[in-house]
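Visitor: Next come a sequence and a model predicted from it.
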Amino acid sequence: MAAKRVSDEPAFILHQYDWSESSLILEVFTRHRGRVALAAKGVKRPTSNFRPVLLPLQPIKVSYTLGAEGNAEIHSLKGAEWMGGHVMPQGDALWSGMYLNELLMRLLARDDPYAALFDIYAGVVRVLAGQHGGTTEAIEPVLRAFELVLLRELGHLPQLSEESATLGAVNSVARYALVAEGGLRQAATHERAALTGSQWRAIELALQTSQPFPKTLHCLAEPEVAQALKPQLRHLLQYHCGSNMLRTRQLMMDLQSL
């Protein structure tokens with residue numbers, strides 16, 4: 001029986017590692033099939049046509065055959081084509097894109113499709129590619145909005161219009177903090193990383209719209225909102241990744257300290 005083939009699947013390369021002297025295993029985020037692993041045979045050879053195509057943060061189309069009647073964890077890459085549209089992000093935007101890739105690697109199970117999340121990720125990559133000389137401050141709201149959408153898509157984000165312990169509606173002027181094991185709770189007076197109930201409610205409404213990313217990004221237009229969200233989302237993401245600090249985040253901190 002001929003192996004089943006997947007053709008012209010929109011995709012992004014999240015990660016790659018050596019398989020042999022001439023081949024790689026690619027971790028790929030596809031639109032219709034989620035995260036898949038592909039064996040790319042011979043792509044490390046100088047004559048391979050795939051070398052300039054199989055790059056991170058670039059929109060491509062891949063074709064591959066499913067191994068073991070679709071039950072194998074690793075499939076065989078048969079074709080790849082750059083879809084064009086933007087150049088590789090540079091500087092802080094590049095590091096930010098690699099950080100998002102690591103989040104997807106850690107949090108997405110294989111063969112679990114998230115078409116809407118794929119489209120949002122593709123849009124974020126386009127935004128990062130357009131950040132020529134962009135500052136970290138300009139990129140921060142983009143990252144926070146994607147983190148919120150990602151957590152909601154994966155079911156890791158509680159309702160932000162109510163206190164998680166009591167299920168009571170948040171008070172508009174009271175301040176609340178998002179914690180990994182307790183959800184949304186009223187913040188202590190000394191906690192700086194907190195938002196008002198009205199701010200959390202606005203984010204929740206944005207996440208429920210048909211365009212959650214741009215609507216959520218709009219909620220983060222004020223710098224202090226994105227700044228207050230950063231440590232809260234960092235702890236929540238770290239909790240669900242179930243590991244030590246993400247490599248890309250540690251590298252970014254190391255570079256900033258040089």
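Guide: Happy to help now that I have it.
Visitor: What helix or strand is residue 96 located in?
Guide: helix 91-107 (DSSP states H and E).
Visitor: Show me what counts as buried in that helix.
Guide: Buried residues in helix 91-107, counted by 16 or more other CB atoms under 10 Å: 92-104, 107. C-beta here means a position set from N, CA and C on the backbone, and glycine is covered the same way.
Visitor: cool, stretch 202-215 as well?
Guide: Buried-residue list, stretch 202-215, by 16+ other CB under 10 Å: 202-204, 206-207, 212-213, 215.
Visitor: Which stretches in the protein count as helices?
Guide: Listed in chain order, the helices of the chain (DSSP state H) span 91-107, 115-129, 136-153, 197-207, 212-219, 223-241, 247-256.
Visitor: From the contact counts, what lies against the shortest one?
Guide: Contacts of helix 212-219 with other secondary structure elements, assessed using 3 or more CB pairs under 8 Å, 6 or more residues apart in numbering; DSSP states H and E, are made with helix 115-129, helix 136-153, helix 197-207.
Visitor: at 6 Å what do you get?
Guide: With contacts taken as 3 or more CB pairs under 6 Å, 6 or more residues apart in numbering; DSSP states H and E, helix 212-219 sits against helix 136-153, helix 197-207.
Visitor: Residue 167 is nearest to which of these?
Guide: helix 197-207 (13.7 Å; CB to CB).
Visitor: Dump the C-alpha coordinates for the closest one into PDB.
Guide: The C-alpha coordinates for helix 197-207 follow below in PDB (Å, rounded to 0.1, in the frame of the first residue of the first chain):
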ATOM      1  CA  GLY A 197     -10.900  44.400  37.300                       C
ATOM      2  CA  SER A 198     -12.000  46.700  34.400                       C
ATOM      3  CA  GLN A 199      -8.600  46.000  32.600                       C
ATOM      4  CA  TRP A 200      -9.000  42.200  33.100                       C
ATOM      5  CA  ARG A 201     -12.600  42.400  31.900                       C
ATOM      6  CA  ALA A 202     -11.600  44.200  28.700                       C
ATOM      7  CA  ILE A 203      -8.900  41.600  28.000                       C
ATOM      8  CA  GLU A 204     -11.500  38.800  28.500                       C
ATOM      9  CA  LEU A 205     -14.000  40.500  26.100                       C
ATOM     10  CA  ALA A 206     -11.200  40.900  23.500                       C
ATOM     11  CA  LEU A 207     -10.300  37.200  23.800                       C
END
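Visitor: wait, what's in contact with residue 63?
Guide: If you count contacts by CB atoms under 6 Å, 6 or more residues apart in numbering, residue 63 has them with 7, 78-79.
Visitor: circling back to that earlier point, please produce CSV containing the buried residues of helix 91-107, extended by pLDDT and distance to residue 165.
Guide: Formatted as CSV, those follow (pLDDT from 0 to 100; distance: CB to CB, whole Å):
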residue, pLDDT, distance to residue 165
92, 86, 38
93, 90, 39
94, 91, 41
95, 88, 37
96, 91, 34
97, 93, 37
98, 92, 36
99, 92, 31
100, 95, 31
101, 96, 35
102, 93, 32
103, 94, 27
104, 96, 31
107, 95, 25
